[in-house]
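Student: Here is the input, now give the coordinates:
(chains A and B)
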Amino acid sequence: RKEVEQDPGPFNVPEGATVAFNCTYSNSASQSFFWYRQDCRKEPKLLMSVYSSGNEDGRFTAQLNRASQYISLLIRDSKLSDSATYLCVVGGIGGATNKLIFGTGTLLAVQP
Amino acid sequence: EAGVAQSPRYKIIEKRQSVAFWCNPISGHATLYWYQQILGQGPKLLIQFQNNGVVDDSQLPKDRFSAERLKGVDSTLKIQPAKLEDSAVYFCASSLSGAPGYTFGSGTRLTVV
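Tutor: This is a model prediction of the structure:
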């Protein structure tokens, strides 16, 4: 079983749509959770951290369910510029607070 | 703030040749990472340095890959000899000690033919 699993997509959605990505992780000792965004042929960039209480940043909402070992990202009112690969990332395993494990990513294509 | 610098941006080599990549992290970032991203996959950690010491190199193919971080600043990653399956983008990233977020460099795209 992969440490971090995501649906690779692609998700093709029209502008203005709401889209949700899901992710599961295998190690219950994981302590930190993130979503990164990666544009085509570019480096990954931190989109947002994910907290147990859920958190929101503009059109983006992230949620964490530790009991189910499940992370989600919701994007409302999709823009063309949201087209990218979204990487689910888990860290803090075994006390190594800095070590991050990346999922394979979910490709989002927002259509005009 | 200057970002993580990497060079070269692109490299094409023949199998069995050697290649080296260079990284200069953000000033003051004690932790440096090298990640390998094969097309269609997420980045995979190869090695993590804390200052000039290795913290984790469990996924580094040590028969052909080596990395060093002399003086706790710049780092080099070397592959010798390269195989076709080493074709990937190699990212360097850095972070402050204890900080969970990374800053990635723009990567080196390696093609082995």
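Student: Next SSE downstream of the least confident helix or strand in chain A by mean pLDDT?
Tutor: One helix or strand of chain A scores below all others by mean pLDDT, DSSP states H and E: strand A:100-102, with a mean of 91. Note on strand A:100-102: by DSSP states H and E, the next helix or strand toward the C-terminus is strand A:106-111.
Student: List the strands paired with that next one, with their directions.
Tutor: strand A:11-14 (parallel), strand A:84-91 (antiparallel) (DSSP bridges).
Student: show me where the chain has strands.
Tutor: You didn't say which chain, so I picked chain A. For chain A, the strands defined by DSSP state E occupy A:4-6, A:11-14, A:19-25, A:32-38, A:44-49, A:55-57, A:60-65, A:70-75, A:84-91, A:100-102, A:106-111.
Student: The intended chain is chain B.
Tutor: Going by DSSP E, chain B shows strands at B:5-7, B:10-13, B:19-24, B:31-37, B:44-50, B:53-56, B:65-68, B:75-79, B:88-95, B:103-104, B:108-112.
Student: List just the one of the ones you listed that sits closest to residue A:13.
Tutor: strand B:31-37 (25.0 Å; CB to CB). Where you see a C-beta, it was placed from the backbone N, CA and C, and this is true even at glycine.
Student: so what does the worst-scoring helix or strand of chain B on mean pLDDT touch, helix or strand wise?
Tutor: Using mean pLDDT, DSSP H and E, the weakest-scoring helix or strand in chain B turns out to be strand B:53-56, at a mean of 91. Applying 3 or more CB pairs under 8 Å, 6 or more residues apart in numbering or on different chains; DSSP states H and E, one finds that strand B:53-56 contacts strand B:44-50.
Student: list the helices and strands the strand it packs on packs on?
Tutor: Packed next to strand B:44-50, using 3+ CB pairs under 8 Å, 6+ apart, are strand A:100-102, strand B:31-37, strand B:53-56, strand B:65-68, strand B:75-79.
Student: Sheet-wise, list the partners of the first one with their directions.
Tutor: Strand pairing for strand A:100-102, using DSSP bridges, gives strand A:84-91 (antiparallel).
Student: do the longest one as well
Tutor: For strand B:31-37, the paired strands and their directions (DSSP bridges) are strand B:44-50 (antiparallel), strand B:88-95 (antiparallel).
Student: Tabulate the CA atom coordinates of the last one in CSV.
Tutor: Once side chains and other backbone atoms are set aside, the C-alpha atoms of strand B:88-95 remain, and they are given as CSV (Å, rounded to 0.1, in the frame of the first residue of the first chain):
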residue,chain,number,x,y,z
ALA,B,88,13.5,12.5,-14.0
VAL,B,89,13.4,16.0,-12.5
TYR,B,90,15.6,16.4,-9.5
PHE,B,91,14.4,19.0,-7.1
CYS,B,92,16.4,20.5,-4.2
ALA,B,93,14.4,22.0,-1.4
SER,B,94,15.2,23.7,1.9
SER,B,95,13.5,24.6,5.1
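Student: what's around the residue nearest to residue B:42 when sequence neighbours are not counted, how many residues?
Tutor: Nearest residue to residue B:42 in three dimensions, chain neighbours excluded: residue A:102, at 3.6 Å (CB to CB, 6 or more residues apart in numbering or on different chains). Using other CB atoms under 10 Å in any protein chain shown, residue A:102 is surrounded by 24 other residues.
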